[in-house]
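Asks: please find the sequence and the predicted model below.
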Amino acid sequence: MKKLTYLFIYFLLVCNVLKAQEFESQEQVDLFNKSVLHFNDKKYDSAIIYIDSLININPNYAQAYNIRGNSNFSLGNYDQSIADFSQAIHLNKKLTEAYRSRAEAYRSQNKYDLAIVDMNTLIELEPENSNFYYNRGIIQRENNDLTLSFSDLSKSIALNPKNAMALTARADVLFALNDYKQAKKDLDEAIKINDKNIDAIKMRGMASYYLKEYNDAIADYTKLIASNPVPDIYYYRGIAYMENKDYAKAIADFSVSIDKNYLQDGTILYNRAVAYYYLNDLDNSLKDINEFLKFNQESHIYDLRASINYRKENYADAIDDFSKVLSSNPNNTQALKGRANSYYNLEKYDECIADITKAISLGDNDPSIYHNRANCYRTKENYKDAIEDCKRFIELAREHPEYSSYIPDIEKEINYLEYKLKEQTLENQNIEEKLKGIKKSD
């Protein structure tokens, strides 16, 4: 999940709220006001110049260090910002803005333990402040302490049930715990509070997807696309369409993501290739898978291309791809069966028999492979082994209801094979008798 928002509030002031009595001279008031104005305008270097002048005059004013710390933080000078916040805290132990800002600086350096110490202090100072529990919960999440993060976020929600950010953050923790059902409940509440919460809507779409509630996922992604058509949402909706077997819409969404250069590792090409495959658009499927192979040469990619080539009756290419799969996993029975079928269609019966035999030795009890091997034996006029495989098919078919309807036809085939075996046996006997007669005459 994306990094969640931390409630880090810069110290922003407008000049007319300052009280002159906080300073010893009008010059100090002017320097302070100018530093704040420049900070608000994101002119951080200028803000530091003014605040440095103020500190030179009045080195004991805590808020000045706080402003300089925020300016340094905004410039990415985290060590300097931490030093400034620490000095502000040294001068004013109850300056909550400085603790909060220093915690954010520590967080930016992945120094989560130190950030948590500051958040602990803030909670001691203001134990009913829901934002402090929220912030500590976010830090705990990034520190991979899911239990403490969940506890803090729950406390934040208890103190402020309308805190949509805390509900969204707790949903993120629940995601990490694989509790998608409860995560979705939190996100429902967050979206009721703020129906334009993009993070919550996106996350709820993901929760629905993992819960196999694909129509709900599609609805959320469609809502996001209507307001902010970014490529990753098209991709996520495409995946949901795939699960709904709406392959044409999946292809349309994948195509948008590809056009917008989302996931440049080629992942979307693979998914679109699969969608084309299910729509029997084998040419486009093959085109995408060939392009994807420029990014990824894992065996399952060749497995898909082998299936495409087989359906396109490119049996030699299919054999080549199935062989690539088997080179990385020689015991892949699906690849063995696929290559066996390709060999059969090229009338390479010995190779077909070898692959099927190996698949069977690896424990594959799919009834169909026995019938396939029986066909090879039959073509080679090995009727005895063909009969044995047909009988084995019937045994297994009785355990697999989806094959039971084929049993009568296989029984007829056995009768035919037994007839051919007898015919073959008689013919062989006649040949032997003729050979014996020839030997006697010699």
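Replies: Perfect, thanks for sending it.
Asks: so what pLDDT did L279 get?
Replies: pLDDT recorded at L279 is 97.
Asks: thought it was touching Y247?
Replies: Yes - at 4.9 Å, L279 counts as touching Y247 under the criterion of Cβ atoms under 8 Å. Where C-beta positions appear, they are placed from N, C-alpha and C, glycine not excepted.
Asks: those two: who's more crowded?
Replies: Y247 (20 against 14; other Cβ atoms under 10 Å).
Asks: what residues does the more buried one make contact with?
Replies: Residues in contact with Y247, defined by Cβ atoms under 8 Å, 6 or more residues apart in numbering, are 241, 275-276, 278-279.
Asks: all helices of the stretch 201-350 of the chain, in order?
Replies: Using DSSP state H, counting those that start in this stretch, the helices of the stretch 201-350 of the chain run over 214-227, 231-243, 247-259, 267-278, 282-292, 299-311, 315-328, 333-345, 349-361.
Asks: need the ones you listed in JSON lines (columns: distance to S208).
Replies: Compiled in JSON lines, these are given as follows (distance: least, Cβ to Cβ, whole Å):
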{"stretch": "helix 214-227", "distance to S208": "4"}
{"stretch": "helix 231-243", "distance to S208": "8"}
{"stretch": "helix 247-259", "distance to S208": "16"}
{"stretch": "helix 267-278", "distance to S208": "19"}
{"stretch": "helix 282-292", "distance to S208": "27"}
{"stretch": "helix 299-311", "distance to S208": "27"}
{"stretch": "helix 315-328", "distance to S208": "34"}
{"stretch": "helix 333-345", "distance to S208": "31"}
{"stretch": "helix 349-361", "distance to S208": "39"}
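Asks: what's the closest of the ones you listed to V29?
Replies: With Cβ to Cβ, the closest approach to V29 among the helices of the stretch 201-350 of the chain belongs to helix 214-227: 45.2 Å.
Asks: flag every buried residue along the closest one.
Replies: 214, 216-221, 223-225 (16 or more other Cβ atoms under 10 Å).
Asks: and it, what's its mean pLDDT?
Replies: Averaged across helix 214-227, pLDDT comes to 97.
Asks: likewise stretch 244-251?
Replies: Here stretch 244-251 scores 98 as its mean pLDDT.
Asks: and it, what's buried?
Replies: So, applying 16+ other Cβ under 10 Å, buried residues of stretch 244-251: 246-247, 249-251.
Asks: mind checking the SS state of the closest residue to S53 other than its chain neighbours?
Replies: With sequence-adjacent residues excluded and distances taken as Cβ to Cβ, 6 or more residues apart in numbering, S53 is closest to L31, at 5.3 Å. Three-state assignment for L31 (DSSP: H, G, I helix; E, B strand; the rest coil): helix.
Asks: can you pull the contacts of L31?
Replies: 50-51, 53-54, 57.
Asks: and these, which is closest to D195?
Replies: Closest approach to D195 among the contacts of L31 (Cβ to Cβ): I51, at 41.3 Å.
Asks: got the contacts of L31 as CSV, with distance to R311 and neighbour count columns?
Replies: CSV is the format used below for the contacts of L31 (distance: Cβ to Cβ, whole Å; neighbours: other Cβ atoms under 10 Å):
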residue, distance to R311, neighbour count
Y50, 73, 24
I51, 72, 28
S53, 77, 18
L54, 77, 24
I57, 82, 14
